[in-house]
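Q: Whatever this is, show me its structure:
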Amino acid sequence: MIGYVTLGTNNLARAARFYDAVAAELGLGRMMEFDQFIAWGEPGGRPGIGVTRPFDGQPATVGNGVMVALEAKDAEQVRRIHAAAMAHGGRCEGSPGPRGQDFYAGYFRDPDGNKLNAFCVTAGGA
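A: Residues are numbered from 1 along each chain as shown. Modelled structure (predicted):
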C-alpha cells in the first residue's frame, strides 16, 4: 500500500550521510537524486525513503507521533542499523531489543529529529 515515505530536512548533505549509512546496511542505495531531494530504495521494489528540503521554503519540522519503520532481516541487522544511525548523527530513542512477543526493534531519530526504527519479526524473541 505505501509507495514511499518522504521526510523533511534542513541540511540535505547531513541527511544524505545519515541515510547513505542506514540504507547501505539494508543493502540499498540512492535511487533518485535532485538538488532538493534524495531517495533510497529499489526502483519498482519495496517502498523507499526520501529526504527533501520543504517545497514551501519553510523550515522542516518533525511530525509528532510520526515514525518510519525499516524492516531488517534479523535482530543482528537491527543492531547494525541502529549502530549506523548512532555513528552518523542519530539519537537513540530506544536501544535494540525485544518489544513484545516475536518483535525486535531499535528506535532512533535522524539528525533532523525524524523518528525511525529498525525492526524484524522473530520466532520466540531474538
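
Q: isn't there a helix covering M31?
A: No - assessed with DSSP: H, G, I helix; E, B strand; the rest coil, M31 is strand; it does not lie in a helix.

Q: what sits against the residue lying closest to L28 once chain neighbours are set aside?
A: Leaving aside its sequence neighbours, L28 sits nearest to W40 (CB to CB, 6 or more residues apart in numbering; 5.2 Å). Quick note: C-beta positions are derived from backbone N, CA and C, even for glycine. The neighbourhood of W40, defined by CB atoms under 8 Å, 6 or more residues apart in numbering, consists of Y19, D20, A23, L28, G29, R30, M31, G48, I49, G50.

Q: Equivalent analysis for V5, please.
A: Contact analysis of V5 by CB under 8 Å, 6+ apart lists P47, G48, I49, G50, V68.

Q: and the contacts of W40, which are buried?
A: Y19, D20, A23, L28, M31, G48, I49, G50 (16 or more other CB atoms under 10 Å).

Q: Pick the one among the residues you listed closest to C92.
A: Nearest to C92 among the buried ones among the contacts of W40: Y19, at 17.2 Å, using CB to CB.

Q: low pLDDT regions in the protein?
A: Low-confidence segments of the chain, defined by pLDDT under 70: 1, 124-126.

Q: Now do the strands in it.
A: Assigned by DSSP state E, the chain shows strands spanning 4-8, 29-33, 37-41, 48-52, 67-71, 91-98, 103-109, 115-121.
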